[in-house]
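> build me a model:
(one chain, ligands or ions: 1)
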Amino acid sequence: MDLALTTDELAFQAEVRGFLDEALTPELREAGRLTTSAFSEPEYNRPWQKKLFEKGWVAPSWPKAYGGTGWSEMRRAIFSAECARAGAPSLSPMGLRMVGPCIMGYGTDEQKAFFLPRILAGEDYWCQGYSEPGAGSDLASLQLRADSDGDHYVLNGSKIWTTHAHHANRMFCLVRTKFDGKPQQGITFLLLEMNTPGITVKPIITLAGDHEVNQVFFDDVRVAKSGRVGEENRGWTVAKYLLEFERGGGSAPGLKVALGRVRAMASAEASDDGRNLLDDADFRARLASAEVAVEAIEMTEHRVLADLAGGRNPGPASSMLKTQGTEAIQAIDELAIDAVGAYARVDQPFARRPGANVAPIGPRHSVTAMPRYLNNRAASIYGGSNQIQRDIMARLILGL
Ligand SMILES: Cc1cc2nc3c(=O)[nH]c(=O)nc-3n(C[C@H](O)[C@H](O)[C@H](O)COP(=O)(O)OP(=O)(O)OC[C@H]3O[C@@H](n4cnc5c(N)ncnc54)[C@H](O)[C@@H]3O)c2cc1C
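You can find the predicted model right below:
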């Protein structure tokens, strides 16, 4: 595999760097640096999305006909690596990477014409209503019922762990429209507005003290059937299509940034005798092992890129990358906790707000080390837990 960039690709990289230098305000950069969960708060990711939209770079993976960039796989990889390196706020994937492709694949012409431009421009903020209190890994057992009533469905039940439901104005959602037969064959994919009467959003506060996820209750909620994507009872096919997008995407650039942060923390924490954590053999061995894991992830991501460029589906590689990527970030977070030592225990919510101008207690990174560690425990659960990913690999790679 030749990893060297071509002259064209180097010129493209320079163009991206130039744009990021100009477009990323200090506040947006700070927001990116202080993000401790899967993606930034809408207060920051929406203005950033607007700038990318105006530049025409908001949806690198979309077909050009729908507003994508028409970039090669390599250019897309360069773009996302440069965004990670520059500390750009991470965009919400719910519209651009999740429901958008589903609407392209399964929506009506009216749905495409209405929703896709709004997703690109960031006019709507979406949330994902898949999981329920009794349906997570076993998603097909979901029970939110949708009874047919003329040209509407009437929804009753609840969704849980709904990220940013308190910010979203729209939800894409899986509902049950048939109660007998195989569970997968009675599910329908619906788009709905969060301000529809009968919807209540209740916060779930995470261990890190953040309000990111929610439980959403549906009480006789009327949703027009025109919001259905695909046929009634065929939502499982649409849902599975979407999960491929949820699990995709390169993580090596972000992991490298996180590793660089840990190295900086470990070398800064010098004691009286001038020694620092990098002089500790155990810490150094753990850091080296994380670095090797990240190198391996990067090589696998390049292999996937080569497959995609050659028109081959990477198949179970997305499960492999999800498992490896989430385990690597958890190992890096543990190193970061060790590097900031006792300061990791000090909760500093105010110092975590961009522009707050509050001096942290302890080293600069102590503000984010513990929230990142706690939030990233969830990374091996959401988007399909790592145990489930291992089951997929066992079946599809090992043939068990
Ligand atoms: C921070 C966060 C954000 C989330 N955001 C969203 C969102 O926006 N929208 C949404 O719909 N959902 C969201 N989720 C939900 C997420 O997708 C589920 O938590 C996940 O699918 C696991 O389901 P569960 O929590 O019900 O756990 P369970 O399915 O009950 O699993 C519990 C444990 O059992 C293991 N297990 C279960 N079945 C098997 C099996 N067959 N073989 C081996 N082990 C198994 C699991 O791996 C896990 O360790 C989010 C979750 C988190 C933590």
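
> please count neighbours and contacts with C-alpha atoms only from this point.
OK.

> residues in contact with the host helix or strand of residue 392: which ones?
Per DSSP states H and E: residue 392 is located in helix 386-396. Residues outside helix 386-396 that contact it (C-alpha atoms under 8 Å, 6 or more residues apart in numbering): 137, 316, 319, 320, 322, 323, 380, 400.

> ok, now which ones touch residue 127?
94, 162, 163, 164, 165, 168, 170, 171, 172.

> kindly recompute the last result at 10 Å.
92-95, 98-99, 162-173, 194 (C-alpha atoms under 10 Å, 6 or more residues apart in numbering).

> which among those count as buried?
92-95, 98-99, 162-166, 168-173, 194 (16 or more other C-alpha atoms under 10 Å).

> near the ligand too, which of those residues?
Applying C-alpha under 6 Å from any ligand atom to the buried ones among the contacts of residue 127, one finds that 162, 163 fall near the ligand.

> show me the buried ones among the contacts of residue 127 that map onto strands.
170, 171, 172, 173 (DSSP state E).

> direction included, what does the helix or strand harbouring residue 204 pair up with?
If you go by DSSP H and E, residue 204 is part of strand 199-205. Strand 199-205 has the following strand partners under DSSP bridges: strand 211-224 (antiparallel).

> now do the buried residues in the partner strand.
212, 213, 214, 215, 216, 217, 218, 220, 221, 222, 223, 224.

> reformat the residues you listed as JSON lines; add distance to the ligand and pLDDT.
Shown next, in JSON lines, are those (distance: C-alpha to the nearest ligand atom, whole Å; pLDDT from 0 to 100):
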{"residue": "212", "distance to the ligand": "7", "pLDDT": "94"}
{"residue": "213", "distance to the ligand": "6", "pLDDT": "96"}
{"residue": "214", "distance to the ligand": "9", "pLDDT": "98"}
{"residue": "215", "distance to the ligand": "10", "pLDDT": "98"}
{"residue": "216", "distance to the ligand": "10", "pLDDT": "98"}
{"residue": "217", "distance to the ligand": "13", "pLDDT": "98"}
{"residue": "218", "distance to the ligand": "15", "pLDDT": "98"}
{"residue": "220", "distance to the ligand": "20", "pLDDT": "98"}
{"residue": "221", "distance to the ligand": "18", "pLDDT": "98"}
{"residue": "222", "distance to the ligand": "20", "pLDDT": "98"}
{"residue": "223", "distance to the ligand": "19", "pLDDT": "98"}
{"residue": "224", "distance to the ligand": "21", "pLDDT": "98"}
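
> redo those as TSV? Include distance to residue 394.
Listed next are those as TSV, based on distance: C-alpha to C-alpha, whole Å:
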residue	distance to residue 394
212	33
213	31
214	33
215	33
216	34
217	36
218	37
220	42
221	41
222	42
223	40
224	41
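
> returning to what we had before: contacts for the strand holding residue 204?
155-156, 158-166, 193-194, 210-222.

> just the helices in the stretch 151-300 of the chain please.
Taking DSSP state H, counting those that start in this stretch to define them, one finds helices in the stretch 151-300 of the chain at 235-247, 252-268, 281-309.

> I'd like these laid out as JSON lines, including mean neighbour count, mean pLDDT and distance to the ligand.
JSON lines is the format used below for the helices of the stretch 151-300 of the chain (neighbours: other C-alpha atoms under 10 Å; pLDDT from 0 to 100; distance: least, C-alpha to the nearest ligand atom, whole Å):
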{"stretch": "helix 235-247", "mean neighbour count": "19", "mean pLDDT": "75", "distance to the ligand": "10"}
{"stretch": "helix 252-268", "mean neighbour count": "19", "mean pLDDT": "91", "distance to the ligand": "18"}
{"stretch": "helix 281-309", "mean neighbour count": "17", "mean pLDDT": "91", "distance to the ligand": "22"}
